[in-house]
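> Model the structure of this input:
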Amino acid sequence: MKARLLSAAAAALILALILAALPLTIPKLWGYQIYNVLTSSMTPALPPGSAIYVKACDAQDLEPGDIITFTLSSSTTLVETHRVVENDWQARQLVTKGDANADVDIDPVAYDRVVGKVVFSIPVLGAASQMMRSRGGIAVCIAIFALAFILWTLADKMKKRESFK
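Now for the predicted structure:
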C-alpha cells in the first residue's frame, strides 16, 4: 500500500510539471508566439503577469480594437503589445495605444514591425513561466524530477520486499 502511495505521489509531481509546461509549449506547434505581459499599460484587458498568444497576421487587415504585438523598432527584437487605434493603409502604419495610457503612442507602428495579433491570453501564466525559466525555477523543476525518481525507486524497493515476504 505504501509503495502505491509513493508511486502515485511521484506520478502526480511529474504530471503537475507536464501540465504546467503544456500551455507554454503546445501552442507553438500551431504557429503562436508566447510572450509575458510585463507592464500595466494594457490593464485591465492584459494585466501584468499574463501570457499572451500572438499569431502572425497581415497588418493591413488589422482593425481598430485589435490588440497587436510589435517590435519597438526595426533594429531590435524587443516587443510591445498595444491596441490598434487606427490603420493608415496609405502610409502602411498603425496608430496604437495602451488601454491604461492617456494618449496614443508617439511613434506609429510600420507594418513590417508587426509581430502579430493577440489571439488570447491566460492571466498569471506569464509570471509562472518567467519564474520557471529563472535559475531558481529550473532548480525547483530539477528537484521535483529528482524527488519523483526517488519516490519511484523507494516504491520499487518496497514492492520487491513485499514480494519476498
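> Tell me if I'm right that Lys97 and Arg83 touch.
Yes: at 5.8 Å, Lys97 and Arg83 qualify as touching, with contact defined as C-beta atoms under 8 Å. All C-beta atoms are positioned from the backbone trio N, CA, C, and that covers glycine.
> With neighbour numbers in mind, choose between these two.
Arg83 (23 against 17; other C-beta atoms under 10 Å).
> Relative to Ala11, how far out is that one?
43 Å (C-beta to C-beta, to the nearest Å).
> And Asn36, by the same measure?
Per C-beta to C-beta, Asn36 is found 29 Å from Ala11.
> can you check Thr76 too?
44 Å.
> With neighbour numbers in mind, choose between the two.
Ranked by neighbour count (other C-beta under 10 Å), Thr76 and Ala11 place Ala11 first, with 13 against 9.
> State the phi and psi torsions of the more buried one.
phi -60, psi -40 (degrees, to the nearest 10).
> Show the contacting residues for it.
Ala148 (C-beta atoms under 8 Å, 6 or more residues apart in numbering).
> center of the protein, which residue is that?
When C-alpha atoms, centre = their mean is applied to the chain, the residue found nearest the centroid is Ala51 (3.9 Å).
> Might one say that that residue is in contact with Ile34?
Yes: with contact defined as C-beta under 8 Å, Ala51 reaches Ile34; the gap is 5.8 Å.
> who touches both of these two?
In contact with both Ala51 and Ile34: Leu24, Ser129, using C-beta under 8 Å, 6+ apart.
> Rounded mean pLDDT for stretch 145-161, please.
Stretch 145-161 shows a mean pLDDT of 90.
> do the same with stretch 48-68
Stretch 48-68 comes out at a mean pLDDT of 97.
> Please save the CA atoms from that stretch in PDB.
This file holds the C-alpha atoms of stretch 48-68, laid out as PDB (Å, rounded to 0.1, in the frame of the first residue of the first chain):
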ATOM      1  CA  PRO A  48       0.900  42.200 -15.800                       C
ATOM      2  CA  GLY A  49       1.900  38.500 -15.400                       C
ATOM      3  CA  SER A  50      -0.400  37.300 -18.200                       C
ATOM      4  CA  ALA A  51       0.800  35.100 -21.000                       C
ATOM      5  CA  ILE A  52      -0.300  36.300 -24.400                       C
ATOM      6  CA  TYR A  53      -0.600  34.100 -27.500                       C
ATOM      7  CA  VAL A  54       0.300  36.000 -30.700                       C
ATOM      8  CA  LYS A  55      -0.400  34.800 -34.200                       C
ATOM      9  CA  ALA A  56       1.200  36.300 -37.300                       C
ATOM     10  CA  CYS A  57      -1.200  38.300 -39.400                       C
ATOM     11  CA  ASP A  58      -1.300  40.600 -42.400                       C
ATOM     12  CA  ALA A  59      -1.000  44.100 -40.900                       C
ATOM     13  CA  GLN A  60      -3.300  45.700 -43.500                       C
ATOM     14  CA  ASP A  61      -6.200  43.500 -42.200                       C
ATOM     15  CA  LEU A  62      -5.900  44.800 -38.700                       C
ATOM     16  CA  GLU A  63      -8.800  46.900 -37.400                       C
ATOM     17  CA  PRO A  64      -9.200  49.400 -34.600                       C
ATOM     18  CA  GLY A  65      -9.700  47.500 -31.400                       C
ATOM     19  CA  ASP A  66      -7.300  44.600 -32.300                       C
ATOM     20  CA  ILE A  67      -4.500  44.000 -29.900                       C
ATOM     21  CA  ILE A  68      -1.100  43.600 -31.500                       C
END
